[in-house]
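**Student:** Predicted structure and sequence below. I'll ask about it afterward.
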Amino acid sequence: MKILAVTAIILVFTILISDYAVYANHYTGYRWFLTYTNVCYDSYSLSLVNINRYTNNFNVVASELDQARNDWNNQPSIFTINKVNSCNNWVTSGYAPDQPWLARVIKTVQAGYIVDADMEINRYYNFVSWGRCSTPPYTLDYVARHEFGHYVEFRDILYWLPNSIMHGSYHCERWDSVKSYDSNELSSIYG
């Protein structure tokens, strides 16, 4: 009986601490003022992304971005990332052969709210499409899905919840979909 009681106490304590630690290392504390943001795709720079060993595939790149964006939009949360033709949040590409990042999001925060977020895909890397699990080359919609997680203001995590989309290192089973923890956290922030 004592062993059962001690085990139960340890289990409850572990859950409480792990939930706090995960929350503290997942959500940055900043958010968008509204329950949506708009994003624009830069067709010129994205056509330079090397996907399936070819460039000049803007439609394929846009489709991969849409798959990732829509995975976030299809969560129970009311928050959405809308693709529009004119806005100040851009998805572009850059060439950075001396940098280890596959893609990155650069944000501007004012008065505690995100006012701008731009995603840049590193076209130094070759990407693949259509949900093929590959490393390298990296699957573009998996990379974009992780980066859109930064759009909703989640940070990379390394040790807690290794199956979170926000795990800091690329892995096909981590980045292939928005995980339930990420979805629940999004709902708790935005509704």
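**Tutor:** Looks like it came in fine.
**Student:** make it CA atoms for all contacts and neighbour counts henceforth
**Tutor:** Noted.
**Student:** From the chain's centroid, how far away is the lengthiest strand in the chain?
**Tutor:** Across the chain, the longest stretch assigned as strand under DSSP state E is strand 113-122. Distance, stretch centre to chain centre, for strand 113-122: 11 Å (C-alpha atoms, centre = their mean, to the nearest Å).
**Student:** Would you give the sheet partners of that strand, along with the direction of each?
**Tutor:** Strand 113-122 pairs in its sheet with strand 31-32 (parallel), strand 90-94 (parallel), strand 103-110 (antiparallel), by DSSP bridges.
**Student:** any chance you could map the strands in the protein?
**Tutor:** Under the criterion DSSP E, strands of the chain are mapped to 31-32, 36-41, 50-51, 80-83, 90-94, 103-110, 113-122, 126-128, 138-139.
**Student:** relative orientation of the second one and strand 113-122 in degrees?
**Tutor:** Using axes from the mean of the first three to the mean of the last three C-alpha atoms, to 10 degrees, the interaxial angle of strand 36-41 with respect to strand 113-122 works out to 30 degrees.
**Student:** Check which helices and strands strand 36-41 sits against.
**Tutor:** Applying 3 or more C-alpha pairs under 8 Å, 6 or more residues apart in numbering; DSSP states H and E, one finds that strand 36-41 contacts strand 80-83, strand 90-94.
**Student:** Residues contacting the last one, please?
**Tutor:** So that's strand 90-94. Here strand 90-94 makes contact (C-alpha atoms under 8 Å, 6 or more residues apart in numbering) with 39-43, 45-46, 48-49, 117-124.
**Student:** neighbours of the closest residue to Val61 other than its chain neighbours, just the number please.
**Tutor:** Sequence neighbours aside, Leu46 is the residue nearest to Val61 in space, at 6.8 Å (criterion: C-alpha to C-alpha, 6 or more residues apart in numbering). By other C-alpha atoms under 10 Å, 25 other residues sit near Leu46.
**Student:** what's the answer for the one 3 residues further on, then?
**Tutor:** Here the count is done by other C-alpha under 10 Å, and Val49 has 27 residues near it.
**Student:** what's near enough to touch it?
**Tutor:** Thr55, Asn56, Asn57, Val61, Ser93, Ile121, Asn122, Arg123, Asn126, Phe127.
**Student:** low-confidence ranges in the chain?
**Tutor:** 1-25, 131, 134, 159-162 (pLDDT under 70).
**Student:** what are the ranges of the helices in this protein?
**Tutor:** Listed in chain order, the helices of the chain (DSSP state H) span 2-24, 43-46, 58-73, 140-151, 172-175, 180-190.
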